[in-house]
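[1] Next input, structure requested:
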Amino acid sequence: MAMNKLLLILTAASIITILHRTAALPAETLTNAADTLSNSGYVAMSLTLNLVSDVLLSHHNSATVFTPPDSSFSDYGQPSLTILQLHFSPMAFSLQSIRSLPYGTKIPTVDSGTFLTVTTRSPSDQISINDVKIVGSPIFDDGSLIVFGIESFFDPNFTVPDPPVPTARLDHCTASFADNSNFSFHDSANVLISRGYSVMASFLNLQLLGFITQPTLTVFAPSDEVMVDYSGRFPDYQSLFHRHVLPCKVSWRDLINIDDGTSFDTYLEGFEIKINRSGGSFKVNEVPITFPDMYYSDWIVIHGIREIVSLPKPVDEAIDGDGDGDPFDDTPASTSGRELIASGPDRSEF
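    Numbering: from 1, shown residues only. Purely as a prediction, here's the structure:
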């Protein structure tokens, strides 16, 4: 067992070591997406993506594109930029994550403050957004840019015919455990690996939280590219992982309904994550959420985030204000630095 953990630690370290920072949505990704669209019969959106990507996606390192067929472009004529903005979301939504979203859930677009609405009424129904059905599997998906075919253009004047029943807003995070000692992070870790979050997958497999029975968790996962700064910093791994994990499940629909500024305790004692929302932007401690509900089950949900959630700088360093401090400094100022270790089904609140 000890040898297996050592191997996992070395694996995580080696993954971090070979990483290099890459630009968000690089030109190669957009070119590949445009080529795939053209080869799949979506020539109009292929040309459109080449024309408008600099305008609509230049500030985003993830996106979901919903593309109508060429026949819709022919019938509609040249769509305005306002119409096109409805078809671009600044977050990556996989097929699984969209399917997990209940009726009435909002999906942000690149037009700040404008949202699409999930209109799938039953898990067995074909997925629909703004009453427009998604056609099959993604046309293109490289983990950061995902492209879906849809039956027609979204209506900018669409309103939900049957408003969803309001859900209770989360304002605290309570740890809970199921009576199941045979749980596994295998499926969630595999999804993380396939999406470019291999380091966080290794941390999950390491069982750094020491659970004996199945917990309820939310994981905010930084991508591999931003983990390069932690190469070889073995003593920091536990703190790094624990401050990205909540002891309760907070899905994308929960995040949409949470009051701006709501804070939740993490598994790093004394350290909180604050949810901030502005228009279509959602952040945890000022770090943008880029891939909501990347993995979703009845006991764990994983959201991809753009950067590492950092600890506050030491008080003396903050007072100096020289700006030369390590942005990933693991010397906590207002936290004790001690981790909450769940050794059993303790159902006390955090």
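[2] So, low pLDDT: which residues of the stretch 1-150 of the chain?
    Where the stretch 1-150 of the chain drops to pLDDT under 70, the residues are 1-24.
[3] for it, what spans make up the helices?
    Using DSSP state H, counting those that start in this stretch, the helices of the stretch 1-150 of the chain run over 2-17, 27-39, 43-56, 70-76, 81-85, 95-100.
[4] Find out how far the fourth one is from the centre of the chain, if you would.
    Think helix 70-76. Taking CA atoms, centre = their mean, to the nearest Å, the mean C-alpha location of helix 70-76 is offset from the chain mean by 33 Å.
[5] Same question for it: list its buried residues.
    Neighbour counts over helix 70-76 (16 or more other CB atoms under 10 Å) mark 72, 73 as buried. Every residue, glycine included, has its C-beta placed from N, CA and C.
[6] Which other helices and strands does it contact?
    Under the contact criterion of 3 or more CB pairs under 8 Å, 6 or more residues apart in numbering; DSSP states H and E, helix 70-76 touches helix 43-56.
[7] ok, back up a step: tell me which of the helices of the stretch 1-150 of the chain sits nearest to residue 157.
    helix 81-85 (11.1 Å; CB to CB).
[8] how does the protein divide into domains?
    27-150, 168-320 (automatic domain parsing).
[9] JSON lines please, covering these and showing distance to residue 158.
    Listed next are the domains of the chain as JSON lines, based on distance: least, CB to CB, whole Å:
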{"stretch": "domain 27-150", "distance to residue 158": "4"}
{"stretch": "domain 168-320", "distance to residue 158": "16"}
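[10] tell me the strands in this structure, going along the chain?
    Applying DSSP state E to the chain gives strands spanning 63-67, 88-89, 106-108, 115-117, 128-129, 132-141, 145-150, 217-222, 245-246, 263-265, 272-278, 281-284, 287-296, 300-305.
[11] measure residue 109 to residue 161 for me?
    20 Å (CB to CB, to the nearest Å).
[12] Tell me which of these two has more neighbours.
    Neighbour count, other CB atoms under 10 Å: between residue 109 and residue 161, residue 109 has more, with 24 against 7.
[13] I'd say the more buried one and residue 84 touch.
    No. The criterion here is CB atoms under 8 Å, and residue 109 misses it with residue 84 at 9.8 Å.
[14] As CSV, the strands of the chain with mean neighbour count and distance to residue 30 would be great.
    Listed next are those as CSV, based on neighbours: other CB atoms under 10 Å; distance: least, CB to CB, whole Å:
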stretch, mean neighbour count, distance to residue 30
strand 63-67, 25, 9
strand 88-89, 22, 12
strand 106-108, 19, 20
strand 115-117, 19, 21
strand 128-129, 21, 22
strand 132-141, 17, 10
strand 145-150, 23, 7
strand 217-222, 24, 23
strand 245-246, 24, 33
strand 263-265, 18, 35
strand 272-278, 16, 26
strand 281-284, 20, 21
strand 287-296, 24, 16
strand 300-305, 26, 19
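[15] Of the ones you listed, give the one that comes closest to residue 80.
    Here strand 88-89 is closest among the strands of the chain (CB to CB), at 13.4 Å.
[16] coming back round to it: wait, which of the helices of the stretch 1-150 of the chain is closest to residue 312?
    That would be helix 2-17 among the helices of the stretch 1-150 of the chain, by CB to CB, at 23.0 Å.
[17] Now distance to residue 25 too, for the strands of the chain, in JSON lines please.
    Output for these, formatted as JSON lines (distance: least, CB to CB, whole Å):
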{"stretch": "strand 63-67", "distance to residue 25": "7"}
{"stretch": "strand 88-89", "distance to residue 25": "11"}
{"stretch": "strand 106-108", "distance to residue 25": "16"}
{"stretch": "strand 115-117", "distance to residue 25": "20"}
{"stretch": "strand 128-129", "distance to residue 25": "22"}
{"stretch": "strand 132-141", "distance to residue 25": "12"}
{"stretch": "strand 145-150", "distance to residue 25": "6"}
{"stretch": "strand 217-222", "distance to residue 25": "17"}
{"stretch": "strand 245-246", "distance to residue 25": "27"}
{"stretch": "strand 263-265", "distance to residue 25": "29"}
{"stretch": "strand 272-278", "distance to residue 25": "21"}
{"stretch": "strand 281-284", "distance to residue 25": "16"}
{"stretch": "strand 287-296", "distance to residue 25": "11"}
{"stretch": "strand 300-305", "distance to residue 25": "14"}
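[18] Out of those strands, which gets nearest to residue 188?
    Of the strands of the chain, the one closest to residue 188 (CB to CB) turns out to be strand 287-296, at 4.7 Å.
[19] That closest one vs strand 217-222, what angle?
    130 degrees (axes from the mean of the first three to the mean of the last three CA atoms, to 10 degrees).
[20] Sheet partners, orientation included, of strand 287-296?
    The pairing partners recorded for strand 287-296 under DSSP bridges are strand 281-284 (antiparallel), strand 300-305 (antiparallel).
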